[in-house]
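Enquirer: prediction below, plus the sequence it came from.
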Amino acid sequence: MLSIRNLHASVEGKEILRGVSLDVRPGEVVALMGPNGSGKSTLAFALMGHPNVHVTGGTATYQGRDLLALKPEERAKLGLFLSFQYPHEIPGVPLSQMLRTAVGQRSGTLPPVREFLQTLDGKLALLKMDPSFAERNVNEGFSGGEKKRAEILQLAVLEPTLAMLDETDSGLDVDALRTVAEGIQTIKRERPEMAVLLITHYERFLDFLTPNRVLVMKEGKIVAEGGKDLADRIQQEGYEPL
């Protein structure tokens, strides 16, 4: 589904990605781990087309298409999704309104209000979320856990083919972590073909959401690959031996 080869990218003139190569197959959950500053978030932003990230070399193809040649909105319409580590507040815009607009952009046709609300209610029920949640303004006054649950609701409604989750576990306590992980698992059961690139540096998240593969990034490169045992080893020994 996603194939990256020797990807280089810089931010404000500083090289962050120094030759990243990786693949993500349909249906996989791939955990991308690494210490702070290793380039994990920069990789996600590069794949989504963030204007501050300048790709200087390498290739990235998505379902056989040159991803780097596409605008960010074109990438989203193809089925890429990025949840943010620090989601922004959008005062005055209800979450339901934002989601309906996003679905319209993805499909090319704004769905009728009643039809969309029925779909939204179904997703809220699937994730065991109170219906009133969707009527609140986007992330305004949300706790850290609520912001991350709002990201998971967006994931459920937009139905991407590749979900990049950028430290969705950041700042969450154990209970909130479990709730978010259960939400991702629920969506995966509904859509087993969806692939997930799970960016994290907390091994404990992988206790709730078991990956098919674990990749480790250091200093802008992938330096190790393995299974859940690799994450367990990192918990015991840290990143330094890799």
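Expert: Sure, I can see it.
Enquirer: check which helices and strands the helix or strand bottoming out on mean pLDDT in the chain is in contact with.
Expert: Least confident element among the helices and strands of the chain, by mean pLDDT, DSSP states H and E: helix 205-208 (a mean of 82). Identification of packing neighbours for helix 205-208 by 3 or more C-beta pairs under 8 Å, 6 or more residues apart in numbering; DSSP states H and E yields helix 174-190. All C-beta atoms are positioned from the backbone trio N, CA, C, and that covers glycine.
Enquirer: tell me which residues of the next helix or strand after the helix it packs on are tucked away?
Expert: The helix or strand immediately downstream of helix 174-190 is strand 195-199, counting by DSSP states H and E. Within strand 195-199, the residues scored as buried using 16 or more other C-beta atoms under 10 Å are A195, V196, L197, L198, I199.
Enquirer: could I get those residues as TSV with distance to D207?
Expert: Shown next, in TSV, are the buried residues of strand 195-199 (distance: C-beta to C-beta, whole Å):
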residue	distance to D207
A195	21
V196	16
L197	19
L198	13
I199	17
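Enquirer: and which of those is nearest R178?
Expert: L198 (15.1 Å; C-beta to C-beta).
Enquirer: right, and that closest one touches R213 too?
Expert: No. Using C-beta atoms under 8 Å as the test, L198 is too far from R213 to be in contact (10.3 Å).
Enquirer: any common contacting residues for these two?
Expert: Taking C-beta atoms under 8 Å, 6 or more residues apart in numbering as the contact rule, the neighbours common to L198 and R213 are V30, A31.
Enquirer: hmm, back to that, off-centre distance for the least confident helix or strand of the chain?
Expert: 16 Å (C-alpha atoms, centre = their mean, to the nearest Å).
Enquirer: again with stretch 50-63
Expert: Worked out by C-alpha atoms, centre = their mean, stretch 50-63 lies 17 Å from the chain centre.
Enquirer: equivalent analysis for stretch 214-234, please.
Expert: 18 Å.
Enquirer: please renumber so the chain begins at 8
Expert: Noted, 8 is the first residue going forward, which turns the last one into stretch 221-241.
Enquirer: give me the mean pLDDT for it.
Expert: Stretch 221-241 comes out with an average pLDDT of 93.
Enquirer: what's in contact with that stretch?
Expert: 22-29, 37-42, 45-47, 50, 210, 213, 217-220, 246, 249.
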